[in-house]
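S.K.: I'll drop the sequence and a predicted model, then ask my questions.
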2 protein chains.
Amino acid sequence: MMKWDTLDEEQCSLSRTVAVVGDRWTLLILRECFLRVRRFEAFQSSLQITRHLLSERLKKLVRFGILRRVPYSEAPKRYEYILTQKGLDLYPIIMAMVHWGDTHMGDERGRPLLHEHKTCGKLFDPVMVCSECGEVLHAKQVHVHSGPGRKEAVG
Amino acid sequence: MMKWDTLDEEQCSLSRTVAVVGDRWTLLILRECFLRVRRFEAFQSSLQITRHLLSERLKKLVRFGILRRVPYSEAPKRYEYILTQKGLDLYPIIMAMVHWGDTHMGDERGRPLLHEHKTCGKLFDPVMVCSECGEVLHAKQVHVHSGPGRKEAVG
DNA sequence: AGGCTATAGTTCTAAAATAGAACTGTCAAA
DNA sequence: TTTGACAGTTCTATTTTAGAACTATAGCCT
């Protein structure tokens, strides 16, 4: 039995991430965040998520410090949800998923969204590289070592 | 109401990806795959997933072409599960999640695993860059356009 | 031959999560 | 004073997941 409510205390970094963003709705909510959606009604109508679940997920994302709940109106008190730096740092995950979907789950209509890099002005794909040598990363070229935070089993 | 069983036919690339890998166990199973785990009992004992769910998830990953079910013994017939190219291409997603966990969900013990890039011999972090200019990608430097496969709403 | 072990599942019931719809409360504008 | 927008909460029904037990094949040991 895996206890999902304490999964963020696991020794494995992937488990900890999965504890926070490892469900369908959370990932779709985050996509909307990166598309500048910020308000409850906007999330709800664009995703067709039930209000109950949306409320739960937003609370959870706030609890984990991924979104901030910021008032945008006094009287009546209303709030919007804005990505923190911790949330913005999820961008590579979202982009990697979008790119995999484009590559492997596409259909004849072509991709729904194109991404322009403002810095260079071109349409791009995200590429994952090695921080040390800058080469494109492939699973088979990576060797895994135990780090300091590991007990014994696979972490 | 979101129909998860046909989510892979959605217009949004993220939805399509989420349809396949957007649940906790699937992501953890894939991590094990990248750590060279291949057999039912090995997945089960290292993840403590129920046998029922493991069976379901493996079937689904095979159905989507992410794993291949390869016989490794006749009499009795036994199979192991091996990443296809489509599955190997999920590596950036898994690595991005591991790296985010290391960065934002770590504890005082340090990271559980370290990654060595065989090509350059160094311990590295994964970095997401622009395919066109090679610069590190940040959400705020990306502008999103409609592509050919988009209907009208946000996709 | 009879029993033990390993592997890869399937089946069953109970508990938990999600879907779907309706309801609440606050305030502004008509 | 009524309507509408917004941001939720509450309720029941359905679906999914957890946990445990069971099945099936075959090798090995005595």
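M.R.: Yep, that arrived. Residues are numbered from 1 along each chain as shown, chains lettered A, B, ... in the order given.
S.K.: mind giving me the packing neighbours of the host helix or strand of residue A:14?
M.R.: Using DSSP states H and E, the element containing residue A:14 is helix A:13-21. Judged by 3 or more C-beta pairs under 8 Å, 6 or more residues apart in numbering or on different chains; DSSP states H and E, helix A:13-21 is in contact with helix A:24-34, helix B:24-34, helix B:91-104. (Each C-beta comes from the backbone N, C-alpha and C, glycine too.)
S.K.: convert the longest one to CSV, retaining C-alpha atoms only.
M.R.: By that I understand helix B:91-104. Extracted in CSV, the C-alpha atoms of helix B:91-104 (Å, rounded to 0.1, in the frame of the first residue of the first chain):
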residue,chain,number,x,y,z
TYR,B,91,13.0,10.1,-20.8
PRO,B,92,12.9,13.9,-20.8
ILE,B,93,9.6,13.8,-18.9
ILE,B,94,10.9,11.5,-16.3
MET,B,95,14.1,13.3,-16.0
ALA,B,96,12.4,16.7,-15.7
MET,B,97,10.3,15.3,-12.9
VAL,B,98,13.2,13.9,-11.1
HIS,B,99,15.1,17.1,-11.4
TRP,B,100,12.2,19.2,-10.2
GLY,B,101,11.9,16.8,-7.2
ASP,B,102,15.6,17.2,-6.5
THR,B,103,15.4,21.0,-6.6
HIS,B,104,12.1,21.7,-4.9
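S.K.: how about the very next helix or strand once past it and chain A, any contact?
M.R.: Sequence order places strand B:113-117 as the next helix or strand after helix B:91-104, per DSSP H and E. Yes: using C-beta under 8 Å from any C-beta of the partner chain, strand B:113-117 reaches chain A at B:113-117.
S.K.: returning to what we had before: now the angle between helix A:91-104 and the helix holding residue A:14, please.
M.R.: Going by axes from the mean of the first three to the mean of the last three C-alpha atoms, to 10 degrees, helix A:13-21 is angled at 90 degrees with respect to helix A:91-104.
S.K.: which positions in helix A:13-21 come out as buried?
M.R.: Of all the residues in helix A:13-21, those buried under the rule 16 or more other C-beta atoms under 10 Å in any protein chain shown are A:13-21.
S.K.: spatially nearest residue to residue A:49, not counting backbone neighbours?
M.R.: Among residues not flanking residue A:49 along the chain, residue A:25 sits closest, at 5.7 Å (C-beta to C-beta, 6 or more residues apart in numbering or on different chains).
S.K.: sorry, that was for residue A:27
M.R.: Residue A:27 sits nearest to residue B:18 (C-beta to C-beta, 6+ apart), 5.2 Å away.
S.K.: C-terminal to the helix or strand encompassing residue A:82, what's the next element?
M.R.: Residue A:82 is located in strand A:78-83, with elements delineated by DSSP H and E. Beyond strand A:78-83 on the C-terminal side, the first helix or strand identified by DSSP H and E is helix A:85-88.
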